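Undergrad: Build me a model from this:
(one chain, ligands or ions: 1)
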Amino acid sequence: QRLAILLSGRGSNMVALVQAVQHGVLQNLAEVAVVFSNKPDAPGLETAAAMGCPTASLSSQGRKRVEFDAEVVEVLGHYQPDYVVLAGYMRILSPTFIRAFAGRILNIHPADTHQHQGLHAYEWAFENQLSETKITVHLVDEGLDTGPILAQHPVGLQGADTLSEVERRGLAVEHFLYADTLARLIRGELPATTSEMAATAAVS
Ligand code: GRF
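TA: Okay, here's the model as predicted:
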């Protein structure tokens, strides 16, 4: 299966996914069709190129969402992705984009999406002194972090007394959970309801 990985920043989740494709759980299941960024100077883009991935970018600065997304859909179309994998892609996707890849867009959110949506999820967990948070991998629908959940994994936060420690523990879970969930999705190992969920995300 061909993956288009989208990022805007440092790309640590992208690195974990590429490593999983190259010699981990996604080996022989997936290939990286392209790593795309809306920020041409995103550090993750350079890292992806250094890891041997095709890369592409289009600057979203000052662009209207719908027009920009239409161009991104066209660019990604050249790479014929089976899945669009958001990995720190800091844009809310327009309905046009979501419909173009309906039911095939995944996101990772560093909290339980039932409890927290949007930015600063680790700050939220830290400030509320949660003893545990959850990492969520979900399908993307037209809401903000509202799509059907594919997988969740707990992160113990006992004794995590700085924000960077909360992030360190969370990212360690993110990095295995995203690749693991994609592998299970591609293998058809997620619960049968998942394909129904994908169909639901596709039409809603
Ligand atoms: C991660 O915490 C991810 O869950 C969130 O954005 C962050 C991206 O980090 N959606 P990175 O660029 O993958 O290092």
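Undergrad: Which secondary structure element is home to Leu185?
TA: Using DSSP states H and E, Leu185 maps to helix 163-187.
Undergrad: buried set for that helix?
TA: 166-167, 169-171, 173-175, 177-186 (16 or more other Cβ atoms under 10 Å). Any C-beta I mention is one placed from the backbone N, CA and C, and that applies to glycine too.
Undergrad: out of the residues you listed, who's near the ligand?
TA: Glu174 (Cβ under 6 Å from any ligand atom).
Undergrad: returning to what we had before: please compute how far the helix holding Leu185 lies from its chain's middle.
TA: Counting by Cα atoms, centre = their mean, to the nearest Å, helix 163-187 is centred 10 Å from the centre of its parent chain.
Undergrad: In terms of secondary structure, what does that helix contact?
TA: Contact analysis of helix 163-187 by 3 or more Cβ pairs under 8 Å, 6 or more residues apart in numbering; DSSP states H and E lists helix 12-23, strand 83-86, strand 105-109, helix 121-127, strand 132-139, strand 149-156 as its packing neighbours.
Undergrad: Which helix or strand lies directly C-terminal to the second one?
TA: Spelled out, that is strand 83-86. Strand 83-86 is succeeded, C-terminally, by helix 95-100 (DSSP H and E).
Undergrad: So which bits of the chain are right by the ligand?
TA: So the chain meets the ligand at 7, 9-13, 44, 87-88, 108-110, 174 (Cβ under 6 Å from any ligand atom).
Undergrad: looking at the protein, which helix or strand is least sure?
TA: When each helix and strand of the chain is scored by mean pLDDT, DSSP states H and E, helix 193-203 comes last, with a mean of 54.
Undergrad: quick one: secondary structure of the nearest residue to Pro43 once chain neighbours are set aside?
TA: The shortest distance from Pro43 to any non-neighbouring residue, by Cβ to Cβ, 6 or more residues apart in numbering, is to Arg10 (5.2 Å). For Arg10, the assignment made with DSSP: H, G, I helix; E, B strand; the rest coil gives coil.
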